[in-house]
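# Structure for the following, please:
(one chain, ligands or ions: 2)
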Amino acid sequence: MTIFQKREHSVFLCEIDGSYAIYNPLTFQLVFSQNPDFGRCYLQSQGKMALENIVSTEREKFSGQKIHVLSIIPTFACNNRCGYCSLRHTPSHIYPLSMEISQAKQAIDLFFEWSDPAATKEIMIFGGEPLCNLPVTKAVIEYGKQKNDCSISLFTNGTMIDDETARVFGRFDVNVIVSIDGGEKEHNQARPLSDGVGSYQRAVRGYLRAKESGCSMGISMQIGRHNVHSFSESLNELYCLLEPERISIGSNFHPLHGGVKNPFQVDTLKATSLLLDIFYQYKEKGICIEQVDRRIRPFVAENYRGKDCAGCGQKIVALPDGRLGFCEYLAYPGEAYMPADQFSPDSMDYKKYCRISPLFKDECLECPAISICGGGCFYNALMFNGSVTGPDILNCEQTLYILEWMVKKLWDNLKYKLQHKNVHLVTQREKESILGTFDPTQKVFSCNNGFSKIAE
Ligand code: SF4
Ligand code: SF4
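Ligands and ions are numbered 1, 2, ... in the order given. Take a look at the predicted model:
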């Protein structure tokens, strides 16, 4: 199958097995035809003006989003030395700042003042390793729950969860997400403790303690050069051992400084193909792998995905030194961070980040994936291109691959329709029966590289 070529008025064309797929991403209309001109005529009932109206309506929808997530970083310190951590060699990470309880409370107060009263709110606790600053981690949980019965998620390497800490998490109904990368051998290759010993046994013990205390549990995994050769087997093993309620699987590692490719990064297309297989296996078990769901769901539901990252207007991040910004990883270069008393959702910075979306980028208007692509990670874009508004190229490769994979799967199942007619317009019902149904009310736990939760 060849890649889509742009034709006029947002119409894209690609050849498959001697026939053609013609697709308009702005309307989600997909046509199969033996003759590309018939197919194109079919889609051109939408004039240029109508398409421009669609873009401006979607832009308005996605630029007017409200804050509903607070990410607190109690410390930059970490007891692990993961090989793929892009932050280990940055100056601020070497200097392990820790937050004060008063700073954490101030961030929580401001968050509830600024966030959308109607929205479901979430506090995420992130790091470094948050348990390296246990007093603040506990204070965030207690104070956050006392102020508002919001959901609280903790992202941890799991190695420091003892019985007492696990009981606190259980008592306050914390969602605990532990980073584990597969079986012991694979995990230990990438995720040693600071003394060089593998962290797998400690991570699993910590996970099980939190689970026994009644926490809702998830695992966060990365597909990389350390585990790609046996990823499905490792995942199945881990799933049987830990029985998580949620699984996040990232495959796009943050680049290192200067845009240098992360040494653990594997070929994006190979990793994505693996993810697609896993996605359908685990969908049957009731587990949603969000990194794939985020692309297939909008295509099937014909509903735009304007943003992947909650840092584009829905999230604020509190640093250990009390400053506020939008992205955990931008904390390290310190970009777009302000002291708490100067930060405001009316600021120009906030407005700029609200408009980070493919919908606002001219080059994305030339892309067939525009309506299913949330743009990936703007920190990656900064590392690759020197600008948060540039493309996250790993995300582009992955998204285009999934789009073409969906079109090919639809073609394989529907090509028989062209036996008796020249053109077939793919219906939404056909998309559902071939690519799967997606419950619009299902709560999808959304993790990007930086674990950002985003509201649809
Ligand atoms: S970010 Fe990349 S994949 Fe997404 S719409 Fe833009 S060019 Fe296409
Ligand atoms: S997804 Fe990327 S840009 Fe968004 S918060 Fe995470 S690291 Fe930052």
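# What's the mean pLDDT across stretch 390-406?
The predicted model gives stretch 390-406 an average pLDDT of 95.
# That one close to ligand 2?
No - Stretch 390-406 lies out of reach of ligand 2 by CB under 6 Å from any ligand atom, never closer than 8.0 Å. Yep, even glycine has a C-beta here, placed from its N, CA and C like the rest.
# I would like the residues contacting that stretch, please.
For stretch 390-406, contacts defined as CB atoms under 8 Å, 6 or more residues apart in numbering pick out 1, 3-4, 14, 251-252, 265, 268-269, 271-273, 276, 292, 295-296, 299, 308, 361, 363-364, 367-369, 372-373, 375-378, 380-382, 384-385, 435.
# when you check those residues against the helices, which ones overlap?
268-269, 271-273, 276, 292, 295-296, 299, 378, 380-382, 384-385, 435 (DSSP state H).
# Out of these, which end up buried?
268, 271-272, 276, 292, 295-296, 299, 378, 380-382, 384, 435 (16 or more other CB atoms under 10 Å).
# where along the chain do the strands fall?
Remark: strands assigned in the chain by DSSP state E are 5-6, 12-16, 19-24, 29-33, 69-72, 122-125, 151-156, 175-179, 216-222, 246-250, 315-318, 324-325, 423-425.
# pLDDT (mean, whole number) over the fifth one?
When you say that, I think you mean strand 69-72. If you average the pLDDT over strand 69-72, you get 95.
# just the last one next, same as before
Within the predicted structure, the mean pLDDT of strand 423-425 is 94.
# Show me which residues of it are buried.
Neighbour-count burial for strand 423-425 [16+ other CB under 10 Å]: 423-424.
# go on, the second one?
The neighbour-count criterion (16+ other CB under 10 Å) identifies 12-14, 16 as the buried residues of strand 12-16.
# residues in contact with residue 369?
Contacts of residue 369 by CB under 8 Å, 6+ apart are 25, 358, 396, 399-400, 403.
# burial measure for the closest residue to it other than its chain neighbours, as a count.
Once flanking residues are discounted, residue 369 sits nearest to residue 399: 4.6 Å by CB to CB, 6 or more residues apart in numbering. Residue 399 has 26 neighbouring residues, counting by other CB atoms under 10 Å.
# Which pair of the contacts of residue 369 spans the longest distance?
Largest separation among those by CB to CB: 25 and 396, giving 13.8 Å.
# shared neighbours of those two, anything?
The contact sets of residue 25 and residue 396 overlap at 367, 369 (CB under 8 Å, 6+ apart).
# more neighbours, those two?
residue 25 (23 against 20).
# where does the more buried one land on pLDDT?
pLDDT, residue 25: 93.
# any idea how far it lies from residue 105?
45 Å (CB to CB, to the nearest Å).
# now residue 420
Distance, residue 420 to residue 105, by CB to CB: 69 Å.
# Who has more neighbours out of the two?
Using other CB under 10 Å, the more surrounded residue of residue 420 and residue 105 is residue 105, with 16 against 7.
# Contacts only, for that one.
Residues in contact with residue 105, defined by CB under 8 Å, 6+ apart, are 139, 143.
# ok, residue 143 - how many residues close by?
16.
# do residue 313 as well
The burial count for residue 313: 26, using other CB under 10 Å.
# Just the CA atoms of the longest helix belonging to the chain, as CSV, please.
Across the chain, the longest stretch assigned as helix under DSSP H is helix 393-414. Output in CSV follows, covering the C-alpha atoms of helix 393-414 (Å, rounded to 0.1, in the frame of the first residue of the first chain):
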residue,chain,number,x,y,z
ILE,A,393,8.0,13.3,14.3
LEU,A,394,7.7,10.0,16.1
ASN,A,395,4.0,10.7,16.7
CYS,A,396,3.6,11.6,13.0
GLU,A,397,5.1,8.3,11.9
GLN,A,398,3.0,6.4,14.3
THR,A,399,-0.3,8.1,13.5
LEU,A,400,0.1,7.9,9.8
TYR,A,401,0.9,4.2,10.1
ILE,A,402,-2.2,3.5,12.2
LEU,A,403,-4.4,5.5,9.7
GLU,A,404,-3.1,3.5,6.8
TRP,A,405,-3.4,0.2,8.7
MET,A,406,-7.1,1.1,9.4
VAL,A,407,-7.8,1.9,5.7
LYS,A,408,-6.1,-1.3,4.6
LYS,A,409,-8.1,-3.4,7.1
LEU,A,410,-11.3,-1.8,5.9
TRP,A,411,-10.3,-2.4,2.3
ASP,A,412,-9.5,-6.1,2.9
ASN,A,413,-13.0,-6.6,4.4
LEU,A,414,-14.9,-4.4,1.9
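# circling back: need the strands of the chain in JSON lines (columns: distance to ligand 2).
Converted to JSON lines, those look like this (distance: least, CB to the nearest ligand atom, whole Å):
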{"stretch": "strand 5-6", "distance to ligand 2": "28"}
{"stretch": "strand 12-16", "distance to ligand 2": "27"}
{"stretch": "strand 19-24", "distance to ligand 2": "27"}
{"stretch": "strand 29-33", "distance to ligand 2": "29"}
{"stretch": "strand 69-72", "distance to ligand 2": "8"}
{"stretch": "strand 122-125", "distance to ligand 2": "10"}
{"stretch": "strand 151-156", "distance to ligand 2": "11"}
{"stretch": "strand 175-179", "distance to ligand 2": "14"}
{"stretch": "strand 216-222", "distance to ligand 2": "13"}
{"stretch": "strand 246-250", "distance to ligand 2": "10"}
{"stretch": "strand 315-318", "distance to ligand 2": "7"}
{"stretch": "strand 324-325", "distance to ligand 2": "10"}
{"stretch": "strand 423-425", "distance to ligand 2": "36"}
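# Pick out the shakiest of those strands, pLDDT-wise.
With a mean of 80, strand 5-6 has the lowest mean pLDDT of the strands of the chain.
# Sheet partners, orientation included, of it?
strand 12-16 (antiparallel) (DSSP bridges).
# how far off strand 29-33 does the strand it pairs with point, in degrees?
Angle, strand 12-16 to strand 29-33, by axes from the mean of the first three to the mean of the last three CA atoms, to 10 degrees: 40 degrees.
# For strand 12-16, which outside residues touch it?
With CB under 8 Å, 6+ apart as the test, strand 12-16 has contacts from 1-7, 20-25, 32, 36, 39-40, 368, 404, 407-408, 411.
# orientation of it relative to helix 393-414 in degrees?
Calculated by the same axes, to 10 degrees, strand 12-16 forms an angle of 60 degrees with helix 393-414.
# What is the least confident helix or strand in the protein?
Every helix and strand in the chain was compared by mean pLDDT, DSSP states H and E; the lowest is helix 91-94, with a mean of 53.
# State the distance from the residue found closest to residue 211 once you drop the neighbours it is linked to in the chain to ligand 1.
Nearest-residue entry for residue 211: residue 217, 5.0 Å, with adjacent residues in sequence omitted and distances by CB to CB, 6+ apart. As judged by CB to the nearest ligand atom, to the nearest Å, residue 217 and ligand 1 stand 32 Å apart.
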